[in-house]
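> Test case, fold it:
(one chain, ligands or ions: 1)
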Amino acid sequence: MKIIDRIKKAQEEGHPLFSFEYFSPKTAQGMVNLQDRIERMCHLGPAFVDITWGAGGSRPAATIEIVSNAQKVYGVETCMHLICTNNPTDKIDKALNEARACGNQNILALRGDPPHGQSEWTACEGGLNYAADLVRYIRKTHGDYFGIGVAGYPEKHLESASIEEDLKYLKEKVDAGADFIITQLFFDVPMFLDWVKKCRAFGITCPIIPGVMPIQAYASFKKNTVDASVPQWILDGIEPIKNDDQAIRAFGIEVGIKMTLELIQGGVCGIHYYTFNLERSTRLVLEGAGLISKTDYIKKNMPWRSSFDEKR
Ligand code: FAD
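The predicted model follows:
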């Protein structure tokens, strides 16, 4: 099923949906762990799960394998990321055909970052220039079979000169045939809601799904917020506990719940969680925000415990 149809259904029913993003691990053991985790997290009821395409075009087979398992074995709707970096169109054709063969019907079409060792973007030989070209290419080669998402940047893409320039190219991606937008992670909810208004004023009318990263470690928080504006209340909360991993995770859950509730109040159609391949924080954010029930999760994943609890 296409994600855009899921979004429309959730909107008709009047509730927001949620989805999870995973990246392909580098080791065989990492793959096993991730597949187990995806299977467990499917019981939380995500509308879909995203699998990233390795930076620079690395590990395409791993992405396809995870997509295939999630789609066919765990029965969850998948969205496969696909990038232009180091991906000439014959490789893009192969990836799209493999995605189709395993029942996947959703692609997040991306340009990708410059190839390893290069500071400036250049397309590879036989490749495409921008995400908009990839959207057009997918529509040309596969018609309406795939639902297509594209990336949006509430604080603008690093290479864009201004928000206006960024919105011009975002609109080009949507006009080329994208159905929905998933955003880069951010922490400033009012800034995001303001950016959505700018998108609408610019004529970008498709659903926009905000990307939320539950903070799980101080180091990764710092790494992922180098170019992001972080509200003062988050900085004030996190700095004094930066050496206490447990306290950081608890604070991250608190921040995730607050952001989720504010976004829902702001009228978003759904929330996309950057899980960083971990389960606990995202699950507790969903529970805390009332989007899932702890009892249901225990019944599905730990049947021995629910029958024990019922007897008490
Ligand atoms: P584009 O939309 O093509 O834009 C790239 C830059 O070019 C922007 O500055 C834009 O303004 C400019 N531009 C666009 N069109 C034109 C034009 N016609 N002329 C001049 N300039 C133009 N990376 C991975 O490697 N793998 C992943 O799985 C992955 N998943 C991601 C998921 C999300 C939700 C997000 C937000 C990012 C993801 N990325 C991933 C990172 C992404 O590949 C980089 O941010 C990349 O630098 C830009 O990709 P894009 O699709 O936004 O590019």
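> what's near enough to touch P231?
187-188 (Cβ atoms under 8 Å, 6 or more residues apart in numbering). Any C-beta I mention is one placed from the backbone N, CA and C, and that applies to glycine too.
> do E77 as well
Contact analysis of E77 by Cβ under 8 Å, 6+ apart lists 1, 3, 6, 47-49, 71, 105-106.
> ok, now D133?
84, 176.
> what about the one helix or strand it maps to, near the ligand?
D133 is located in helix 131-142, with elements delineated by DSSP states H and E. Yes: Helix 131-142 lies within reach of the ligand by Cβ under 6 Å from any ligand atom, at 131-132.
> do stretch 25-38 as well
No: on the criterion Cβ under 6 Å from any ligand atom, stretch 25-38 is out of touch with the ligand, staying 13.7 Å away.
> Would you mind pulling the contact partners of that stretch?
Contacts of stretch 25-38 (Cβ under 8 Å, 6+ apart): 20, 22, 24, 49, 59, 62, 65-66, 69-70, 74, 76, 277-279.
> From the chain's centroid, how far away is it?
18 Å (Cα atoms, centre = their mean, to the nearest Å).
> just stretch 195-213 next, same as before
15 Å.
> what's in contact with that stretch?
Identification of contacts with stretch 195-213 by Cβ under 8 Å, 6+ apart yields 4, 7, 11, 19, 21, 149, 152, 154-155, 163, 167-168, 170-171, 174, 178-186, 192, 224, 256, 259-260, 263, 266, 268-274, 276, 285.
> and W233, how many residues sit next to it?
The local packing of W233 (other Cβ atoms under 10 Å) involves 11 other residues.
> Which of the helices or strands spans it?
Per DSSP H and E: helix 232-238 holds W233.
> That helix - what's its average pLDDT?
When pLDDT is averaged along helix 232-238, the result is 97.
> Of all the residues in that helix, which ones are buried?
For helix 232-238, the neighbour count (16 or more other Cβ atoms under 10 Å) marks 234, 237-238 as buried.
> residues from the stretch 201-312 of the chain in reach of the ligand?
G211.
> Taking the stretch 201-312 of the chain, what residue is nearest to the ligand?
G211 (5.6 Å; Cβ to the nearest ligand atom).
> you'd agree that residue is in a strand?
Yes: assessed with DSSP: H, G, I helix; E, B strand; the rest coil, G211 lies in a strand.
> What's the ChimeraX line that selects buried ones from the contacts of stretch 195-213?
To isolate the buried members of these in ChimeraX, using 16+ other Cβ under 10 Å:
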select :4,7,19,21,149,152,154,155,163,167,170,171,174,178,179,180,181,182,183,184,185,186,192,224,256,259,260,263,268,269,270,271,272,273,274,276,285
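> What about the contacts of stretch 195-213, which are in helices?
Per DSSP state H, helices hold the following members of the contacts of stretch 195-213: 4, 7, 11, 163, 167-168, 170-171, 174, 192, 224, 256, 259-260, 263, 285.
> Which single one of those residues is nearest to L291?
T260 (7.2 Å; Cβ to Cβ).
> Confirm for me that that closest one is in contact with I292.
No: under the criterion of Cβ atoms under 8 Å, T260 is not in contact with I292, lying 11.3 Å apart.
> Overlap in contacts, those two.
L286.
> so who does H157 touch?
Contact analysis of H157 by Cβ under 8 Å, 6+ apart lists D166.
> Relative to the ligand, how far out is it?
Distance of H157 to the ligand, given as Cβ to the nearest ligand atom, to the nearest Å: 4 Å.
> Assign a three-state SS to that residue, would you?
With three-state DSSP as the basis, H157 sits in coil.
> and the gap between it and S229?
15 Å (Cβ to Cβ, to the nearest Å).
> Please apply the same query to Q184.
12 Å.
> Identify the contacts common to the two.
Common contact partners of Q184 and S229 (Cβ under 8 Å, 6+ apart): E155.
> ok, back up a step: tell me the one of the contacts of stretch 25-38 nearest G126?
Nearest to G126, judged by Cβ to Cβ, of the contacts of stretch 25-38 is R59 at 20.5 Å.
> got a list of what the closest one touches?
For R59, the contacting residues are 24, 26, by Cβ under 8 Å, 6+ apart.
> change the start of the numbering to 528 and stick with it
From this message on, residue numbering opens at 528, which makes the last subject R586.
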